[in-house]
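A.B. asks: Fold the following and give me the result.
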Amino acid sequence: FKQMEFTLPDEYLEEQELERQRKIHDSLITMGLQLISDSYIDVMEKRCETEQLPFERKMYDGRNFQVIVDDIKASNYDLVIMGALGMGAVKDSVLGSVCERVIRRTQVDTLVVKQPMPLSEVEDGPIVVGIDGSPQSFAGLQTAIELGKQFNKTVEAVGVYDPFLHYVMFNGIVGVLSEKAAKVFKFKEQEALHEEIIDTGLAKIYQSHLEVARRVAAESGVDVKITLLPGKAFEKMLHYVRERKPWMLVLGRIGVHSDDTMDIGSNAENLLRLAPCNVFLAGRKF
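C.D. replies: Residues are numbered from 1 along each chain as shown. Take a look at the predicted model:
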C-alpha cells in the first residue's frame with residue numbers, strides 16, 4: 001500500500017486522510033486474513049468432530065513457509081500433509097514454493113497432495129514404492145504396507161539401476177586422455193571391467209534390494225509385486241507411474257547415495273515435481 005500511495009487521487013494525498021486510509025487498509029488486511037484463515041480451520045474442525053478425531057487449532061502470523069517449518073520442528077508430528085500447490089497456482093505450476101521450501105527444511109514423513117480430492121475418491125490403483133536400498137526407502141515400504149492394509153490397496157516395489165552411466169563417462173573420457181594417461185588408466189581394461197562385472201553387479205544389487213522388500217512385506221502378511229528396471233531412476237519411475245496410475249507414490253526422502261545433510265534426493269525431487277499422483281516422502285529410516 002505504501003508503494004502505491006503516490007498513485008492515489010489528490011483527495012487522498014492529504015496527510016490526515018492518507019493516515020486514515022493506512023489504518024483502514026491495515027485493519028482490513030490483518031483482520032481479513034485472520035478471518036479467512038479461521039474459516040479454513042473451522043471447516044476442518046467440524047469435519048474432525050464428525051469423525052470423532054482429536055483436533056488442535058493453531059494460527060500463526062508471519063512468512064508462511066518459515067512459520068510452518070518452525071512449528072514442525074517444535075512439534076512431534078508423525079506426518080505432515082501439504083498441498084503441492086497453493087492459491088497462486090497457474091496452469092503450468094507443478095510444485096508450489098511453500099511446499100518445496102518446507103520439504104527442504106524438514107525431515108518428517110510428508111504426504112504431498114497433488115490430486116485435490118479425498119484419498120477415498122482417488123482413482124483406484126496400487127501403491128508404488130521406489131526401492132533403492134536406502135533406509136528411507138524401506139521405511140517408505142513399511143508405510144505403504146500399512147496404508148495398503150487400511151485402504152485395501154496392492155503394493156508394488158520398483159527398483160531402477162543405471163547400466164548406461166559408464167558408457168557416457170567412458171565416451172567423455174576417451175576423447176581427452178593422453179597416450180600416457182590411457183596407459184596408466186588402462187582404459188580398455190576398465191571399460192571391459194564395467195561391461196562384464198559392474199553393470200551385472202548393479203542389477204544383482206538392486207534385485208537383492210527388491211527381494212528384501214518382498215521379504216519385509218511377507219513378514220507383515222502382504223504379497224508385494226517387484227519390478228527391476230534399467231535406466232535413469234526418476235525417468236523410469238515416472239514412466240512406470242504414468243503407465244500404472246498408482247493411488248500413491250512412496251519414496252525415500254533421500255537416496256542410498258545421500259547422507260543426513262541432504263535435504264531431498266534428486267530422484268525424489270524430480271518425481272515430486274513430475275509425478276501426477278499424490279507423493280509420500282519417507283523421512284524415517286528402517
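A.B. asks: Mind jotting down where the strands sit in the chain?
C.D. replies: 80-83, 110-113, 127-130, 155-161, 225-230, 248-252, 279-282 (DSSP state E).
A.B. asks: what about dumping the CA coordinates of the longest one to PDB?
C.D. replies: What that stands for is strand 155-161. What follows is strand 155-161, C-alpha atoms only, in PDB (Å, rounded to 0.1, in the frame of the first residue of the first chain):
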ATOM      1  CA  VAL A 155       1.700 -52.600  -3.100                       C
ATOM      2  CA  GLU A 156       4.300 -52.700  -5.900                       C
ATOM      3  CA  ALA A 157       8.000 -52.200  -5.300                       C
ATOM      4  CA  VAL A 158      10.200 -50.800  -8.100                       C
ATOM      5  CA  GLY A 159      13.900 -50.700  -8.300                       C
ATOM      6  CA  VAL A 160      15.900 -48.900 -11.100                       C
ATOM      7  CA  TYR A 161      19.700 -49.400 -11.800                       C
END
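A.B. asks: quick one, helices of the stretch 1-150 of the chain?
C.D. replies: 15-50, 64-74, 97-105, 135-151 (DSSP state H, counting those that start in this stretch).
A.B. asks: So what touches the last one?
C.D. replies: Okay, so that is helix 135-151. For helix 135-151, the surrounding residues in contact (C-beta atoms under 8 Å, 6 or more residues apart in numbering) are 109, 119-120, 127, 129-131, 153-155, 157, 212-213, 216-217, 220, 222, 224, 247-248, 250-256, 280-286. (Glycine included, C-beta is placed from N, CA and C.)
A.B. asks: Any stretches of the stretch 151-286 of the chain with poor pLDDT?
C.D. replies: 166, 174 (pLDDT under 70).
A.B. asks: returning to that earlier point: possible to save the strands of the chain as CSV with mean neighbour count and distance to Arg104?
C.D. replies: Putting these into CSV (neighbours: other C-beta atoms under 10 Å; distance: least, C-beta to C-beta, whole Å) gives the following:
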stretch, mean neighbour count, distance to Arg104
strand 80-83, 16, 12
strand 110-113, 20, 11
strand 127-130, 28, 19
strand 155-161, 24, 24
strand 225-230, 16, 28
strand 248-252, 29, 15
strand 279-282, 25, 11
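A.B. asks: Dump those into TSV; add distance to Asp263 as well.
C.D. replies: Output for these, formatted as TSV (distance: least, C-beta to C-beta, whole Å):
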stretch	distance to Asp263
strand 80-83	14
strand 110-113	12
strand 127-130	18
strand 155-161	22
strand 225-230	26
strand 248-252	13
strand 279-282	11
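A.B. asks: Glu51: which of those strands is closest?
C.D. replies: Each of these has some distance to Glu51 by C-beta to C-beta; the shortest is strand 80-83, at 15.1 Å.
A.B. asks: So what are the sheet partners of that closest one and their directions?
C.D. replies: strand 110-113 (parallel) (DSSP bridges).
A.B. asks: and the partner strand, C-alpha only, in CSV?
C.D. replies: Included here for strand 110-113 are C-alpha records, laid out as CSV according to Å, rounded to 0.1, in the frame of the first residue of the first chain:
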residue,chain,number,x,y,z
THR,A,110,5.3,-35.8,4.4
LEU,A,111,2.4,-36.5,2.1
VAL,A,112,2.2,-34.1,-0.8
VAL,A,113,-1.3,-33.9,-2.2
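A.B. asks: wait, what's in contact with the closest residue to Tyr77 other than its chain neighbours?
C.D. replies: Leaving out its chain neighbours, the residue that sits closest to Tyr77 by C-beta to C-beta, 6 or more residues apart in numbering is Val108, at 5.4 Å. By C-beta under 8 Å, 6+ apart, Val108 lies in contact with Ile72, Tyr77, Asp78, Leu79, Val80, Gly283.
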